[in-house]
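K.L.:
coordinates only, sequence not included:
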C-alpha cells in the first residue's frame, strides 16, 4: 500500500506543473479577449429592449447607443429608456486580469465549441457592485458566451450572448438576461402609470437585440459630454 501511495504521489508531482500551466493558459483567455477587441475604437448600434418580468409591465424600448471603449457610452432615445446595469451592455474591456482574482473552474463544450469557465472576483468591490462573475468563454472564437453575477443585495443575473460579424469584430446581436431580484418601489413603476409595489422576490427575462452596427467611424469625445435626457439606469 505504501508503494502504491508513493507511486501516486510521484505521478501527482510530475503532472501538477503541467496541470497548473494548463490552468494558467485557460485563465490567459482574458488577455486574448482584450487583444481581440483592441482594435474596436468606437461603434453605434440600434437597441431594442423587451421586458418579461413579473410585476413590471412596460412596452418595448428603442434607443441608439454610442460607445467608445473602454468606458464611454451615450444613449439617445425619444422616450423613456433603460437597461439592466449587469449584463445589459457589451464591454469586454471590464474584465482586465489586474482588477480581478481569477479562478479556473472547468473546461467544457458549449454549443459545439471548446470553452472554459472562470470565476472572477473584483479586487476592489463597490458597495452595490457584483460580488463575482462567472464567465463561460468560447476559446475557439474568444468570445463570452455566458455570464452570471450576483450582488450583496441578492440580485442575480445570468446573460446568454449571441454574436454576429461586423467589420472583423464579433459583436452581440442578442443578449438574453435571466433575472432574480427584489422588486420594490425603487424600480419607479410609476413611470408607466402604476403604483409602487411592495418588496418581493421575483424572476423575469429581458431580451436585448442589436442592429445596424456602424464600427470605427471616429466618434468624438465631445459626443459623450453633451447633455442627454436619456440615462443608463440600474434597472431590473
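P.N.:
That came in fine, so what should we check first? Please read these numbers as outputs of a predicted model, since none were measured by experiment.
K.L.:
please pull out the lowest mean pLDDT helix or strand from this structure.
P.N.:
When each helix and strand of the chain is scored by mean pLDDT, DSSP states H and E, helix 2-27 comes last, with a mean of 44.
K.L.:
run through the helices of the chain in chain order.
P.N.:
Counting by DSSP state H, the chain has these helices, from start to end: 2-27, 29-36.
K.L.:
quick one: stretch 108-122 to chain centroid distance?
P.N.:
When distances are taken as CA atoms, centre = their mean, to the nearest Å, stretch 108-122 is centred 13 Å away from the chain's centroid.
K.L.:
list of residues touching it?
P.N.:
26-27, 29-30, 95, 99-107, 129-141, 145-146 (CB atoms under 8 Å, 6 or more residues apart in numbering). Where C-beta positions appear, they are placed from N, C-alpha and C, glycine not excepted.
K.L.:
for that stretch, what is the average pLDDT?
P.N.:
Summarised as a single mean, pLDDT over stretch 108-122 is 92.
K.L.:
do stretch 216-226 as well
P.N.:
87.
K.L.:
cool, stretch 43-50 as well?
P.N.:
pLDDT averaged over stretch 43-50 gives 93.
K.L.:
buried sites along that stretch?
P.N.:
43, 44, 45, 47, 49 (16 or more other CB atoms under 10 Å).
K.L.:
let's have those in JSON lines, adding distance to residue 213.
P.N.:
Formatted as JSON lines, these follow (distance: CB to CB, whole Å):
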{"residue": "43", "distance to residue 213": "6"}
{"residue": "44", "distance to residue 213": "7"}
{"residue": "45", "distance to residue 213": "5"}
{"residue": "47", "distance to residue 213": "11"}
{"residue": "49", "distance to residue 213": "17"}
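K.L.:
farthest pair within the residues you listed?
P.N.:
43 and 49 (17.9 Å; CB to CB).
K.L.:
how long is stretch 74-93 end to end?
P.N.:
End-to-end distance for stretch 74-93, by CA to CA, to the nearest Å: 17 Å.
K.L.:
tell me the contacts of residue 146?
P.N.:
Residue 146 neighbours (CB under 8 Å, 6+ apart): 110, 134, 135, 136, 158, 159, 160, 161.
K.L.:
now, which of those lie within strands?
P.N.:
Judged by DSSP state E, the contacts of residue 146 include 110, 134, 135, 136, 158, 159, 160, 161 as members of strands.
K.L.:
look up how far residue 68 lies from the fifth one.
P.N.:
According to CB to CB, to the nearest Å, residue 158 stands 28 Å off from residue 68.
K.L.:
and the last one, by the same measure?
P.N.:
The gap separating residue 161 from residue 68 is 20 Å, by CB to CB.
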